[in-house]
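Visitor: Generate a structure from the sequence data that follows.
(2 chains)
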Amino acid sequence: GAVVSQHPSWVICKSGTSVKIECRSLDFQATTMFWYRQFPKQSLMLMATSNEGSKATYEQGVEKDKFLINHASLTLSTLTVTSAHPEDSSFYICSAKTGDGYTFGSGTRLTVV
Amino acid sequence: QKEVEQDPGPLSVPEGAIVSLNCTYSNSAFQYFMWYRQYSRKGPELLMYTYSSGNKEDGRFTAQVDKSSKYISLFIRDSQPSDSATYLCAMSFTGGGNKLTFGTGTQLKVEL
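Guide: Numbers count the residues shown, from 1 in each chain, chains lettered A, B, ... in the order given. Have a look, this model is predicted:
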């Protein structure tokens, strides 16, 4: 089946630094990639939708200058958390639409200290 | 009122039991219905995908959709400890930007 590879699986960074999370579709072309954030024991919250070659569409309340999304190719989308702060600590997950649903990456646990 | 309601649990059952997980929704535009399993600190894994009312079976899993009642279910037969996870229902519709709307997830524990 369709696989989305997400890296890193976990990262710890200092306040004020930036962190990049990558998602690659391994055996299919992902025209659209979705980025989610998940807090402990809560469901997934959609942050933004990225389409290859165009600007991402952000959900209400999500700061686009803080969460930079790039979808430069059909197999790679990245999320950069800029000037990270402890409140950005969370579980970030990407997802791509496939023929029979949506495939998710394995998630990235970000801890900002 | 949330668009998709799901009992968060936790739900604890003995090994071998039949598990019933449910979601209700309010938006009649939803056309596609999915169930995902999520282990702790992992991404969701697609279990079932359906787009019509009725039942769909895959191994020990049966997905049921009742559009008239805006109600979907996932049944797990012969539950195993390895089924212990959070189960998320999700749905979408054409014209909704392909966005998924998730339930809050039900935490399931299958005990020996």
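Visitor: what's the closest non-adjacent residue to residue 54?
Guide: No chain was given, so I picked chain A. Sequence neighbours aside, residue A:71 is the residue nearest to residue A:54 in space, at 7.7 Å (criterion: CB to CB, 6 or more residues apart in numbering or on different chains). For every residue, glycine as well, the C-beta is placed using N, CA and C.
Visitor: try again with chain B
Guide: Excluding the flanking residues, the one nearest residue B:54 by CB to CB, 6+ apart is residue B:65, at 6.5 Å.
Visitor: before we move on, the earlier item: in which helix or strand does the residue nearest to residue A:54 reside?
Guide: Taking DSSP states H and E as the definition, one finds residue A:71 inside strand A:67-73.
Visitor: rewinding a little: and the residue nearest to residue A:54, how close does it get to residue B:81?
Guide: Distance check for residue A:71 against residue B:81: by CB to CB, to the nearest Å, it reads 39 Å.
Visitor: Mind checking which of the two has more residues around it?
Guide: Set side by side, residue A:71 and residue B:81 give different neighbour counts by other CB atoms under 10 Å in any protein chain shown, the larger being at residue A:71 (25 against 10).
Visitor: Does the more buried one touch residue A:56 like I think?
Guide: Yes: using CB atoms under 8 Å as the test, residue A:71 is close enough to residue A:56 to be in contact (7.0 Å).
Visitor: Check the contact lists of these two and give me the overlap.
Guide: residue A:50 (CB atoms under 8 Å, 6 or more residues apart in numbering or on different chains).
Visitor: All good on my end, thank you.
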